[in-house]
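**Student:** would you be able to build a 3D model of this:
(2 chains)
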There are 2 protein chains.
Amino acid sequence: MPATTFSPPALPARVTIREMGLRDGLQSVATIVPTAAKLQWVRDAYDAGEREIEVGSFVPPKLLPQLADTAEVLAFAQTLPGLRATVLVPNLKGAMRAMEADAEMMLLPLSASHAHSLANLRKAPDDVVAEIANIRAERDASGKRTRIEVGISTAFGCTLQGRVEPAEVVRLVQAVLDEGVDAVSLADTVGYADPAMVSSLFERVLRVAGDKLVAAHFHDTRGLGLANCYAALQLGMTRFDACTAGIGGCPHAPGASGNVATEDLAYMLHSMGIETGLDFDKLLALRAKVAQWLEGEPTHGTIWKTGLPRTMQREALHG
Amino acid sequence: MPATTFSPPALPARVTIREMGLRDGLQSVATIVPTAAKLQWVRDAYDAGEREIEVGSFVPPKLLPQLADTAEVLAFAQTLPGLRATVLVPNLKGAMRAMEADAEMMLLPLSASHAHSLANLRKAPDDVVAEIANIRAERDASGKRTRIEVGISTAFGCTLQGRVEPAEVVRLVQAVLDEGVDAVSLADTVGYADPAMVSSLFERVLRVAGDKLVAAHFHDTRGLGLANCYAALQLGMTRFDACTAGIGGCPHAPGASGNVATEDLAYMLHSMGIETGLDFDKLLALRAKVAQWLEGEPTHGTIWKTGLPRTMQREALHG
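**Tutor:** Below you'll find the model as predicted:
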């Protein structure tokens, strides 16, 4: 029977959605989107109000030909005033490229799963921590201002290893903070998280990282992406990664959604009265373009099919 | 920046999923499922651990030929020990049939939207309250033990009217409780709710209804069904309506999901360590049958496509 003692916490007044489609999305699909379309994507996302966009990865083009034009996309994004253009880098070599390009921030993935870390970066997590320490030292020595965010991936479990201990996540967060990184984020790379896990792990990591825990990254593989965002919002998180059209699904799980869809998350936030600065119609127009560029690839998300509730149509979602 | 002051509430240890597929699901699809298949559905759901099933509606067969065999399905369900078989009734005539059949509970819909109430029952909400009062009086006079639950529909908004005032929902809950009904529930009939609305409205109604607010009914039209369940769980709700395969979408919104999918909700609950008494493999086997019976109709849900996380496969979800 219901207990009436719980009062939900005040939610943040404003949230930033960080667009991951050009990196986490495109790295998982076979189609190579032409550079011109990527620049259009960045421009349209900017016009829709997006101010943080991960434009690609500095990885060898052989590994991810989809992202071979990252430097070019980054250079374009840097021409748009007030846009924080970020890149993923897997190692020192990539970090040097990000710094040479004066990226605002570089995202360094660190798998909390030992098995995933070996499969993805061919290094154990502690060796990745050591590489991150090198990158931080190089950054400081270079005088570059590129910020370093460590994204703890597979933080809620791993398809290879199975369970990932929350204590291991906390330990790795502490380790990279000790190495002087600027920020950390938590990622449910494979869609294993549920809202209770999110509440619990974010609470633990916030105790260690405080306001250096800057972002939450959820995949919607099993339909819990938005519920997980809500759980993290309740803990005061104000920055969420998402992909236009919910792309980024694992190629080995046909039919599975990828990242939380930008436009679905924007709908939930706006419905709850949380400001995002985003123009909903423009987000949907961009979604349609992305789906066209990725013709034949699965796209996801819900609100583009149903439209906004009648109660939200008049106020419309214009920033 | 994150605030670390919020501690999420303890979630309920056990939750009941009330299967609505045979009523809310089938009433929205054109296909008429044969009675034999419905009996199989009830039996399989029971074998999977379901103990509350809404088997149909006592409405004129002309209006809903899909549910014309409700009495037969109810009679069969009543042979299964410990199964609470319920029916929806729109008026006194239907209520008399439910009582004659010794239904364990009858669900009386009461629209909080004036426009929806007129469209659905051709009566204003206060006239429906008067009918409910009559039904309660007839029930008491008859000596029958069929419980009366009033489901407040369009509690979070309405496709016809738009906004529905929470104060109106609270007023109607109070009105039917004053008329002596046994229980109330809140339904997001059209998929307009978000988790903040759920928190706020359930909190308000719990203050009026206490443990007479027995169930939450969410549609997943815009992808927020499970997030809304999580919000209601945090307020201590322990009974959730759901439909196998997420059926029940509005025929006027192509592609839109219907009710929260039973198997997706079961996955979320089990992942969070909440007992449901349900066998996951059997739920999925039933889902496959239902999709077959409804061939050509849209079905929904996520977990049937992706399977359980590796972390949950060993423990398997057997009660």
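**Student:** after the helix of greatest length in chain A, which helix or strand is next?
**Tutor:** Longest helix in chain A, counting residues (DSSP state H): helix A:125-142. Using DSSP states H and E, the helix or strand that follows helix A:125-142 towards the C-terminus is strand A:147-153.
**Student:** so where is the stretch 1-150 of chain A shaky, pLDDT-wise?
**Tutor:** A:1-5 (pLDDT under 70).
**Student:** hey, where'd the helices end up in it?
**Tutor:** With helices called from DSSP state H, counting those that start in this stretch, the stretch 1-150 of chain A shows them at A:35-47, A:70-77, A:92-100, A:114-121, A:125-142.
**Student:** what packs against the longest helix of chain A?
**Tutor:** Helices and strands touching helix A:125-142, by 3 or more C-beta pairs under 8 Å, 6 or more residues apart in numbering or on different chains; DSSP states H and E, are helix A:92-100, strand A:105-111, helix A:114-121, strand A:147-153, helix A:166-178. Where C-beta positions appear, they are placed from N, C-alpha and C, glycine not excepted.
**Student:** looking at those, which is buried most?
**Tutor:** Across these, averaging neighbours per residue (mean count of other C-beta atoms under 10 Å in any protein chain shown) puts strand A:105-111 on top, at a mean of 25.
**Student:** return the list of strands paired to that strand, each annotated with direction.
**Tutor:** strand A:84-88 (parallel), strand A:147-153 (parallel) (DSSP bridges).
**Student:** picking that back up, go through the helices of the stretch 1-150 of chain A and name the closest to A:Val164.
**Tutor:** helix A:114-121 (8.6 Å; C-beta to C-beta).
**Student:** counting contacts, what elements does the closest one pack onto?
**Tutor:** So helix A:114-121, by 3+ C-beta pairs under 8 Å, 6+ apart, packs with strand A:105-111, helix A:125-142.
**Student:** which of these is buried the deepest?
**Tutor:** With neighbours defined by mean count of other C-beta under 10 Å, none of these is more surrounded on average than strand A:105-111, at a mean of 25.
**Student:** which other residues reach that strand?
**Tutor:** By C-beta atoms under 8 Å, 6 or more residues apart in numbering or on different chains, the surrounding residues in contact with strand A:105-111 are A:54, A:84, A:86-90, A:94-95, A:98-99, A:117, A:120-121, A:125, A:128-129, A:132, A:135, A:146-154, A:158, A:172, A:176, A:181-183, A:185, A:187, A:189.
**Student:** mind doing that once more with 6 Å?
**Tutor:** Here strand A:105-111 makes contact (C-beta atoms under 6 Å, 6 or more residues apart in numbering or on different chains) with A:86-89, A:95, A:98, A:117, A:120, A:128, A:132, A:146-147, A:149-154, A:172.
**Student:** that strand vs helix A:166-178, what angle?
**Tutor:** Relative orientation of strand A:105-111 versus helix A:166-178 (axes from the mean of the first three to the mean of the last three C-alpha atoms, to 10 degrees): 140 degrees.
**Student:** dump strand A:105-111 to CSV, keeping only the CA atoms.
**Tutor:** Below are the C-alpha coordinates for strand A:105-111, written out as CSV (Å, rounded to 0.1, in the frame of the first residue of the first chain):
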residue,chain,number,x,y,z
MET,A,105,37.2,19.3,-24.4
MET,A,106,38.4,15.8,-25.1
LEU,A,107,36.5,12.8,-23.8
LEU,A,108,38.7,10.0,-22.7
PRO,A,109,36.9,6.6,-22.3
LEU,A,110,37.8,4.5,-19.4
SER,A,111,36.1,1.1,-19.1
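**Student:** show me what the closest residue to A:Val214 other than its chain neighbours is bridged to.
**Tutor:** Excluding the flanking residues, the one nearest A:Val214 by C-beta to C-beta, 6 or more residues apart in numbering or on different chains is A:Ala183, at 4.4 Å. Beta-bridge pairing of A:Ala183, defined through DSSP bridges, involves A:Glu149.
**Student:** next to chain B, which bits of the stretch 201-319 of chain A? Give me the list.
**Tutor:** Neighbours of chain B within the stretch 201-319 of chain A, by C-beta under 6 Å from any C-beta of the partner chain: A:206, A:211, A:213, A:221-223, A:226-227, A:230, A:234-237, A:253, A:255-256, A:264, A:268, A:271-272, A:302-303, A:305-306, A:309-311.
**Student:** where exactly do the helices run in the stretch 201-319 of chain A?
**Tutor:** Using DSSP H, counting those that start in this stretch, helices in the stretch 201-319 of chain A cover A:225-234, A:262-271, A:280-293, A:303-306, A:310-313.
**Student:** show the model's pLDDT score for A:Ser257.
**Tutor:** Note on A:Ser257: pLDDT of 78.
**Student:** distance of it from B:Ile303?
**Tutor:** Taking C-beta to C-beta, to the nearest Å as the measure, A:Ser257 falls 12 Å from B:Ile303.
**Student:** the two: which has the busier surroundings?
**Tutor:** Higher neighbour count among A:Ser257 and B:Ile303: A:Ser257, with 30 against 24, using other C-beta atoms under 10 Å in any protein chain shown.
**Student:** wait, isn't that one in contact with A:Pro298?
**Tutor:** No - judged on C-beta atoms under 6 Å, A:Ser257 makes no contact with A:Pro298 at a distance of 8.5 Å.
**Student:** residues in contact with the spatially closest residue to A:Ser28 that is not a sequence neighbour?
**Tutor:** Nearest residue to A:Ser28, sequence neighbours excluded (C-beta to C-beta, 6+ apart): A:Gly248, at 4.9 Å. A:Gly248 makes contacts with A:Asp24, A:Gly25, A:Ser28, A:Gly258, A:Asn259, as judged by C-beta under 6 Å, 6+ apart.
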